[in-house]
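Undergrad: Need the 3D shape of this:
(chains A and B, ligands or ions: 2)
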Amino acid sequence: MAREIPYIAAINEAIHLEMARDDTVLYFGQNLATTENDEFVKAFGHDRVRVTPISETAEIGMAIGAALAGYRPVVELYMAEFMLVAMNQVVNEGPRFRYMSGGRVKVPIVLKAGYGFTAGWAGQHTGSIYNMFTGIPGLKVALPARPADAKGLMATAIRDDNPVCFFHHYLLTLEPGDVPEGEYLVPFGQADIRRSGGDVTVVATGWMVGKALAAAETLASEGIEAEVIDPRTLNPLDLATILTSVEKTGRAVLVDQATRRASASQMIAAEIADLGFRWLKAPIKQVTGLEATVPYSEPMEAYVLPDEEKIAGTVRQVLGEAPVAA
Amino acid sequence: MRTLDPQTAADLLRTTWRIRCFEERVAALKRTLQVHGLIHLSVGGEGVAAAVCAQLRDEDVVYSGHRAHGHAIAKGAPTERVMAELMGRVDGLCRGLGGSMHLVDRDRGFFGATGVVGGNLPLALGNALAARVRAGDEVTVVFFGDGAVQAGHFHESVNLAALWRLPVIFVCENNGVAEFTSRSEHTTVELVSDVVAPYGLQRETVAGSDVPAIFEAFGAFLERARAGNGPFLLECLTHRRRGHYEGDPERYRDPVAEEEWRRRDPVARLQAHAIENGWLDPGSAGAIEREAQAEIERAVRFARESPYPEPGAAEPFVYALAVGCPEKGPHTGPYLGHPSATGARPHGGAGPPESEVTFVRAINDALARAMRADERVIVIGEDVAEGGPYMATAGLADEFGRDRVLNTPISEGAVCGVAIGAAQAGLRPVVEIMFIDFITLALDQLVNQAAKAHFMSGGQLSVPMVLRTTCGAGSRSGAQHSQSLEAWVAHVPGLKVVMPSSAADATGLLASAIADPNPVVFVENRALYFRREQLPEAPERLQLGRAHTLRFGADITIVATSRLVGDALEAADRLAAGGVQAEVIDPRTLLPLDLETIAGSVRRTGRAVVAHEAVTLGGFGAELAAQIQDAAFDRLEAPIQRVGAPFTPVPVSPPLEDAYRPGAGEIYAAARSAIEWDWPEGKEPPLTTAGGRDFRS
Ligand SMILES: Cc1ncc(C[n+]2csc(CCOP(=O)(O)OP(=O)(O)O)c2C)c(N)n1
Ligand SMILES: [Mg+2]
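TA: Ligands and ions are numbered 1, 2, ... in the order given. Got it, this is the predicted structure:
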């Protein structure tokens, strides 16, 4: 049975259910469990739900240590950009142990962080830096775009035996959606075709999925049918679904809130350009954040971000732009 | 020791009222959404800002954190321009680019706020270091909260400041809470002044509501810091009267304590103190408050009348431009006109007199030349004064002294921050991080501070620093000393990224990187370090953003970086033996990227291989491939082949590592498959997921 709950409630529900199901699941982070009234504290006690100081390096390092000792910690990090303080733990420690020990140990941790808070939060709290984690062998990256996925991906992340970065979009926090009750898992590496269409493949993540769907509606009224795909996890990445779609449409537009250079979007573009080369009728185009730190002032902030209009415009461009014969 | 006199007391009271009125007005504006974003107010802490900043000169630099409005105003930032910034207007201090958490007023010595807790601490050290190098008597002050004390940056910075005896005054506003969590849940040490005791700092704890006491204690430290002593720590026990941020539901409040703190309000106490001493009569005290209120109303009007900035006006602030140099920032698209392939020189430079040197020796020479030519250039890093593990900085300490060649403790975050702060103060630091794997420890500084400062300050600050680091596998060093993480830094607007493939390029590019007004990450592959090369004795400077075509050919373009350039040339020889003429291009800088040369070549050849040592998935090759397919789509006759490492950590066992490292063989094979590729029956596209291999086994 599904019922409508907000994105953030779906994430909390997944953590709650997993903690009830498996008492090796721990939850800690800054400002967590500051009162005895906290629902996690009431249910699981302070041994499993802990508040930490502003010490990201120690928070993540401790999670790795606990994971090596048989626990499954979920670390609340609030902002993806704060993880930059602790990247050594995220990159050089967490995802390396399994490999460096020749498979003898595992590090099942979930690093939960919000991102993309483009609501005047300016230069250090708005970054969409998931690509920095996507290119790290041994790390997995989940990027839920709606409440059901938020719940299902979190549950899968907690059960995964590898370190997982779970990035939730702050502007989706209160967004409601149908979420199944009880145990619900969304497998990693399985994209979600949010809308079918035969004219162009649009790949979008996080907050951009809604914008791509809205653009697709506008385009439909012009007779253009876009297929909108949300990969849901960037690593593993479900290229099969994307390529199957490109085979059908011959055209691809990628939408990414991050700045473009060396981004996850460029990574997907390169894969399509390689493996889908034979089907492409036009260059792969991208709609991304402009190459700048996110500015504070509202009109400038809107200017650097992708929006429906930019997506629809790029789709029209890709459809109108027949390749020039060599 | 300076004690309060009547005039100073009135001035301090005026400043505290101006801050109080400003903050309360902002709270009201936030409720009606006239300011947006994340707003942290300092009501209850005005006395600290006023008593500290009143004693500073414009040249004394202040750094602050997320709760910074009061510090900026006390340091002299005009309230109307702070207000305009909070409203995102063009007349804001930072032209609307920074906002509440990133205020900067360079002319008033307010070098800025930061939104990452603890990130400001090492910057202050850099500023103080610059003052010492200039032999000035300026003092640097950094404000931070008790929450920052549990962050690694705090301990790294306090240690370094004490070690180098920097004229820095750390001012901690200890309000006993970080966001919604009390200090007792963060640490067992109640007082911050006790935390720093083992470092031997001069320290003092005073009541934050006692403005005369703060004034005196800070004044005493300042006098000694002016004379070249330091560092000092002044802890002020304060109370945050409003929520952590505007909108905070404040569930953690204790009503009894609140009432107690209200009685100890610093502004009211200062006013009463001044009246009691007969320094002010109640009438003129009331007038001070009313004047402050009127000033803030004028500030609101000024801000409202100021227009929003043109949206596109943000772009020019991503990069600083060198004075008098027409160079465009890389964000504006293809790099400025360059003589496509015509500037190409054979690998190894030209023109006598020449000498044979290694790559690492060439770096060493370039550093020495830059230090001789410009005394603002300093070198900082672990072991640099001893020459470093590869002798890249050998001899520099002897020639230039240990004031310009500074050994540091193992504190990558603080060391990078010191370089940033020193760069903001006008030096040109070259910081060495031994392995690129370790920039993970300095990434907050590099990404959140260095890359963004110019932009967020609306162009007021610039960060002319170079971060030299090494990359690459092949030395059996394992998964934490062998990575190639350049794609990360290339993702960050505001940074430039250089990857030289030869000694000649390294010298020419390093000279440009040091002269550049932006933060440049300079990545050296250790596998190249001991290759010998003929080098002119006075090598020319190479402009950033220009690719180098090392070999011309009409059949296929090979774009390779760093170590893989040599492998690409080797592969090209083998291809030539089979009748295929390959063009080999080294971008030399990833950011800015010379797409014009690269795409121009592919448009002629119709086929491309991109090659680097980093992992293919998530490596910079994806960037190259994505840009090439866009710019040369109609000319492409085969899929762009990417050569890189497999998606695993770097293994340490010799046969495994050798198999892991891409080289000439892989480039040759990729080029052959691009040449042999054919429509419509090429290899079936493998519908597997690139990163989807399950390592759970
Ligand atoms: C590295 C990092 N981690 C977490 C945060 C989120 N955060 C913002 S302010 C704050 C509390 C800071 O407390 P303190 O330093 O005492 O300053 P106060 O707010 O009390 O003035 C936290 C945790 C951050 N900005 N940066
Ligand atoms: Mg505090």
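
Undergrad: what's near enough to touch residue B:133?
TA: By Cβ atoms under 8 Å, 6 or more residues apart in numbering or on different chains, residue B:133 lies in contact with B:378, B:403, B:404, B:422, B:427. Any C-beta I mention is one placed from the backbone N, CA and C, and that applies to glycine too.

Undergrad: What is the lowest-pLDDT residue among these?
TA: Of all the contacts of residue B:133, the one the model is least sure of by pLDDT is residue B:403, with 93.

Undergrad: That one: neighbour count?
TA: If you count neighbours by other Cβ atoms under 10 Å in any protein chain shown, residue B:403 ends up with 12.

Undergrad: Please identify the buried residues of the lowest-mean-pLDDT helix or strand in chain A?
TA: The helix or strand with the lowest mean pLDDT-type score in chain A, counting by mean pLDDT, DSSP states H and E, is helix A:97-100 (a mean of 87). Along helix A:97-100, these residues count as buried under the neighbour rule (16 or more other Cβ atoms under 10 Å in any protein chain shown): A:97, A:98, A:99, A:100.

Undergrad: how far away is the last one from residue B:653?
TA: Residue A:100 sits 11 Å away from residue B:653, taking Cβ to Cβ, to the nearest Å as the criterion.

Undergrad: can you tell me which residues contact the residue in the stretch 1-150 of chain A positioned nearest to chain B?
TA: Here the stretch 1-150 of chain A gets closest to chain B at one residue, residue A:135, 1.9 Å apart by Cβ to the nearest Cβ. When the contact criterion is Cβ under 8 Å, 6+ apart, the partners of residue A:135 are A:267, B:487, B:488, B:614, B:615, B:617, B:618, B:619.

Undergrad: element containing the first one, please.
TA: Which is residue A:267. Using DSSP states H and E, residue A:267 sits in helix A:264-275.

Undergrad: which secondary structure elements does that helix contact?
TA: Under the contact criterion of 3 or more Cβ pairs under 8 Å, 6 or more residues apart in numbering or on different chains; DSSP states H and E, helix A:264-275 touches helix A:131-134, helix A:239-249, strand A:252-259, strand A:285-289, helix B:620-631, strand B:641-645.

Undergrad: Please repeat the previous calculation with a cut-off of 10 Å.
TA: Packed against helix A:264-275 by the contact rule (3 or more Cβ pairs under 10 Å, 6 or more residues apart in numbering or on different chains; DSSP states H and E) you find helix A:131-134, strand A:200-204, strand A:233-235, helix A:239-249, strand A:252-259, strand A:285-289, helix B:620-631, strand B:641-645.

Undergrad: Dump the ones you listed into TSV; add mean pLDDT, distance to ligand 2 and mean neighbour count as well.
TA: What follows is those, written out as TSV (pLDDT from 0 to 100; distance: least, Cβ to the ion, whole Å; neighbours: other Cβ atoms under 10 Å in any protein chain shown):
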stretch	mean pLDDT	distance to ligand 2	mean neighbour count
helix A:131-134	92	29	26
strand A:200-204	98	39	30
strand A:233-235	96	36	29
helix A:239-249	97	47	22
strand A:252-259	97	32	27
strand A:285-289	96	33	23
helix B:620-631	96	41	26
strand B:641-645	96	45	25
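
Undergrad: what's the closest of these to residue A:55?
TA: Distance to residue A:55, taken as Cβ to Cβ, is lowest for helix A:131-134 among these, at 20.2 Å.

Undergrad: Please name every helix or strand in contact with the closest one.
TA: Counting contacts by 3+ Cβ pairs under 10 Å, 6+ apart, helix A:131-134 packs against strand A:140-142, strand A:164-169, strand A:233-235, strand A:252-259, helix A:264-275, helix B:486-490.

Undergrad: Turn these into JSON lines, columns for distance to ligand 1.
TA: Below are the helices and strands packed on helix A:131-134 laid out as JSON lines (distance: least, Cβ to the nearest ligand atom, whole Å):
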{"stretch": "strand A:140-142", "distance to ligand 1": "21"}
{"stretch": "strand A:164-169", "distance to ligand 1": "16"}
{"stretch": "strand A:233-235", "distance to ligand 1": "24"}
{"stretch": "strand A:252-259", "distance to ligand 1": "20"}
{"stretch": "helix A:264-275", "distance to ligand 1": "23"}
{"stretch": "helix B:486-490", "distance to ligand 1": "18"}
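
Undergrad: Pick the most buried one from the ones you listed.
TA: For these, ranked by mean neighbour count under the definition mean count of other Cβ atoms under 10 Å in any protein chain shown, the leader is strand A:233-235 at a mean of 29.

Undergrad: Parallel or antiparallel, list what pairs with that strand.
TA: Using DSSP bridges, the neighbouring strands of strand A:233-235 in the sheet come out as strand A:140-142 (antiparallel).

Undergrad: How about residues contacting the strand it pairs with?
TA: By Cβ atoms under 10 Å, 6 or more residues apart in numbering or on different chains, the residues outside strand A:140-142 that reach it are A:95, A:110-112, A:130-135, A:149-150, A:152-154, A:156-157, A:160, A:162-168, A:186, A:188-189, A:205, A:231-237, A:264, B:691-692, B:695.

Undergrad: switch the cut-off to 8 Å
TA: For strand A:140-142, the external contacting residues (Cβ under 8 Å, 6+ apart) are A:130, A:133-134, A:153-154, A:156-157, A:160, A:162-167, A:188, A:232-236.

Undergrad: can you check stretch B:29-37 too?
TA: Residues contacting stretch B:29-37 (Cβ under 8 Å, 6+ apart): A:119-122, A:296, A:298, B:26, B:39, B:86-88, B:99-101, B:246-247, B:300.

Undergrad: try 10 Å
TA: Applying Cβ under 10 Å, 6+ apart, the external contacts of stretch B:29-37 come out as A:117-122, A:125-126, A:296-298, A:301, B:25-28, B:38-39, B:41, B:83, B:85-88, B:99-101, B:245-247, B:300, B:303-304.
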